[in-house]
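[1] just a sequence and a predicted model for now, questions to come.
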Amino acid sequence: MEAEIGIIGGSGLYSLLDDSKEVKVQTKYGAPSDSITIGTIAGRNVAFLPRHSRKHTIPPHKVPYRANIDALRQLGVNRIIATNAVGSLDRNYKPGELAIFDQFINATHGRHDTYYDEEVVAHVSSADPYCLQLRNVAIKVAKEAGIKMHDSGTVVVINGPRFSTRAESKMFKLYGAHMINMTQYPEVILAREKQMCYLGIGLVTDYDSGLEGDDGVEPVTADEVAKIFDANVGKAKKMIHGIVAEVPEEKTCSCSSSMEHAIQTKK
Ligand SMILES: [Zn+2]
């Protein structure tokens, strides 16, 4: 085993580890987004993968999600912490704040979103797709570090690369989504099919188009967005270090049995 915890860095988070070595991993689903760096945080072995590649050349709809999760699994990873830039659909989720996801709504199309699409048929339970143990550790770490973070939130995942129209944005708000993003799906569900724990941290960058013009919602300028973005990445790094340091080795969640009763194909 090369690493126990995997970090998938979203927009803005392209490197994390100092004392790292670089490994190239191949999978039957192709190459992951980039080479993976392995190093330590708080004495624990961690693997880091930038979702859009180090130079940010891979758009959300072309991220090799299956290869990324499979590559981390091959290295021994059984827990994933992922960061994601999100737009806010709810005025209570303010730019500059963080939020951990507890639910998603998939509005993407055409993505390879399962490892079970030939010979073996499986229906993974998705009722609670995010790891409860990692979420609880994250909540504790944010509190201790004085970082403003929402303990839960629903993220709607759109295909991109374009942003939503105002009408779409209003519709997603009616769905009950608090945040909008382009990469949470199928990443979280592929990790679940591999029975890995997955924590998604949303970094709220701006208000989505449907909220503009609402009472009490100040539009964010491009300059402000850039500043918020940088500050958020700093907070995310702090969160990752804290979570890795504090998460007990022993799992108390049910993630590693997520495929129990899921496989329908007879042996
Ligand atoms: Zn778990």
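    Nice, thanks for sending it over.
[2] off-centre distance for stretch 84-104?
    Centroid separation for stretch 84-104 versus its chain: 12 Å, with C-alpha atoms, centre = their mean, to the nearest Å.
[3] buried sites along it?
    For stretch 84-104, a neighbour-count test (16 or more other C-beta atoms under 10 Å) marks 84-90, 93-104 as buried. Yep, even glycine has a C-beta here, placed from its N, CA and C like the rest.
[4] what pLDDT, on average, does that stretch get?
    The average pLDDT for stretch 84-104 rounds to 95.
[5] residues touching Glu246, list them.
    Contacts for Glu246 were tallied using C-beta atoms under 8 Å, 6 or more residues apart in numbering; they are 137, 140-141.
[6] now swap in Tyr198 and tell me
    Neighbours of Tyr198 in contact, by C-beta under 8 Å, 6+ apart: 79-80, 82, 129-131, 134, 187-188, 191-192, 255.
[7] circling back: pull out the buried members of the contacts of Glu246.
    Using 16+ other C-beta under 10 Å, the buried ones in the contacts of Glu246 are 137, 141.
[8] which of the contacts of Glu246 fall in helices?
    Per DSSP state H, helices hold the following members of the contacts of Glu246: 137, 140-141.
[9] so which of those comes closest to the ion?
    Using C-beta to the ion, Val137 comes nearest to the ion of the ones in helices among the contacts of Glu246, at 10.2 Å.
[10] for the closest one, which non-adjacent residue is spatially closest?
    Distance criterion C-beta to C-beta, 6 or more residues apart in numbering; nearest residue to Val137, sequence neighbours excluded, is Val247 at 4.8 Å.
[11] surely Ile263 touches Glu119?
    No: using C-beta atoms under 8 Å, Ile263 and Glu119 do not qualify as a contacting pair, with a distance of 11.0 Å.
[12] and the two? Which one has more around it.
    Taking Ile263 and Glu119 together and counting by other C-beta atoms under 10 Å, Ile263 has the greater number of neighbours (14 against 6).
[13] who's in contact with that one?
    Contacts of Ile263 by C-beta under 8 Å, 6+ apart are 116, 120-122.
[14] how close does the closest residue to Glu144 other than its chain neighbours sit to the ion?
    The shortest distance from Glu144 to any non-neighbouring residue, by C-beta to C-beta, 6+ apart, is to Gly242 (7.1 Å). Between Gly242 and the ion the distance is 17 Å, computed by C-beta to the ion, to the nearest Å.
[15] I figured Gly242 hits Lys143, correct?
    No: with contact defined as C-beta under 8 Å, Gly242 does not count as touching Lys143 (10.2 Å).
[16] who has more neighbours out of the two?
    Comparing Gly242 with Lys143 by other C-beta under 10 Å, the one with more neighbours is Gly242, at 20 against 11.
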